[in-house]
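[1] okay, here's the prediction I keep looking at, along with the sequence it came from:
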Amino acid sequence: MDPDNYVAYDNLAEAYTGLNRLEEAKAILNSALQRKIGGLFPHFYLSLIAVAQGDRATQEREDALLKGDAQRELNLASRDASLAAYRGQLKQARELFMRASQMALGLDLKESAAAAIADEAVTEADFGYRAEAARGATAALAVSRTADVVYSAARTLALAGEANEAETLIVELGKRRPKDVGVHSVEVPEVKAINEINRGNPTKAIELLETATPYDGGFWFGVRYTRGKAYLRAGNGDKAAEEFQKVLALRNWLWALSYTSPRMSLPELGLARAYALQGDKAKSRMAYQDFFALWKDADPDIPVLKEAKAEYAKLK
């Protein structure tokens, strides 16, 4: 490893994190700080590891070192918005996503502003707020139409039941990126699969997602969640449980903010439903309880939470 190249430290720390060797990742990042390499980035990643370990004191100490740097403060606002959503604290998340978008606009970072709006919109969709999700997707596109924003908006609109709009966007993205493997093997099929799930065609959705299989172990972990939902709708509890377990196994992938991604809070609920399909009430109850523990401070009126409580009550 080049001792003066921060990218090398970053890559090695990421590798250790993915292996759940967090102490070694921290040691790599602290070594970069000692060599005064990477500026404030090591502090941001050390803060993320502290989030993963539930070490609030270290998180606050690292966060304090980032204050005064506008870009890093924007990163913190975005992280905190996602973390609040991950815990089901959607009202707080909405405020933080708005703050992040406003901060980004103040820095003339339109793509970052649109990303914050899009992140809130897809969270609204995943949590069951369809109308709010659709409005947010449209608002994000009004700020920027980068490939990432278009994909996020298309996925959001599909989840919100706006199939035609979602299809139009994802087809547009495919035409813009004709040689992009990720777009054509993962993003386009996922949006189309969500539409098929909503139409009551889970088998078709599963077929569409086959092309994503080689790529769903990292950045596109959400595809596994979508596939799990398709198996649930198809009545296949075994396959659904397998997919949701694979998603949970990726929680250590911090560089995708897996610990704070709102979607990462939902696999336990998927598992609970999968175990119920299998007829294993004991495992199902435990998975529901894990979800409720994660969302112990969640806003009580979130549709997906209300659905989960009603399903859990029927298991008793």
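    Received the coordinates, thanks. Because the structure is a prediction, the values reported are computed rather than measured.
[2] wait, what's in contact with Ala293?
    Applying Cβ atoms under 8 Å, 6 or more residues apart in numbering to Ala293 gives no contacts. (Each C-beta comes from the backbone N, C-alpha and C, glycine too.)
[3] just use 56 as the starting number from now, easier for me
    Noted, 56 is the first residue going forward, which turns the last one into Ala348.
[4] does it belong to a helix, a strand or coil?
    Taking DSSP: H, G, I helix; E, B strand; the rest coil as the rule, one finds Ala348 in the helix state.
[5] where in this protein is pLDDT low?
    56-61, 73, 307-315 (pLDDT under 70).
[6] tell me which element Lys301 is part of?
    Assigned by DSSP states H and E, Lys301 falls within helix 292-303.
[7] who are the packing partners of that helix?
    Here helix 292-303 touches helix 276-288, helix 322-333, going by 3 or more Cβ pairs under 8 Å, 6 or more residues apart in numbering; DSSP states H and E.
[8] so which bits of the last one are buried?
    Right, the one you point to is helix 322-333. Under the neighbour-count criterion of 16 or more other Cβ atoms under 10 Å, helix 322-333 has Pro322, Glu323, Leu324, Gly325, Leu326, Ala327, Arg328, Ala329, Tyr330, Ala331, Leu332 buried.
[9] what's the angle between the helix or strand that contains Gln344 and helix 292-303?
    Using DSSP H and E, Gln344 sits in helix 336-349. Computed by axes from the mean of the first three to the mean of the last three Cα atoms, to 10 degrees, the angle separating helix 336-349 from helix 292-303 equals 30 degrees.
[10] state the next helix or strand along the chain beyond helix 336-349.
    Per DSSP H and E, the helix or strand that comes after helix 336-349 is helix 358-370.
[11] residues contacting the residue most central in space within the chain?
    The centroid of the chain falls nearest to Ser316 when counting by Cα atoms, centre = their mean (3.5 Å). Ser316 is in contact with Ser137, Tyr141, counting by Cβ under 8 Å, 6+ apart.
[12] cool, and Lys259?
    Ala248, Glu251.
[13] just give the number of residues close to Gly109.
    8 (other Cβ atoms under 10 Å).
[14] distance of it from Ala68?
    Per Cβ to Cβ, to the nearest Å, Gly109 is found 19 Å from Ala68.
[15] do the same with Glu245
    29 Å.
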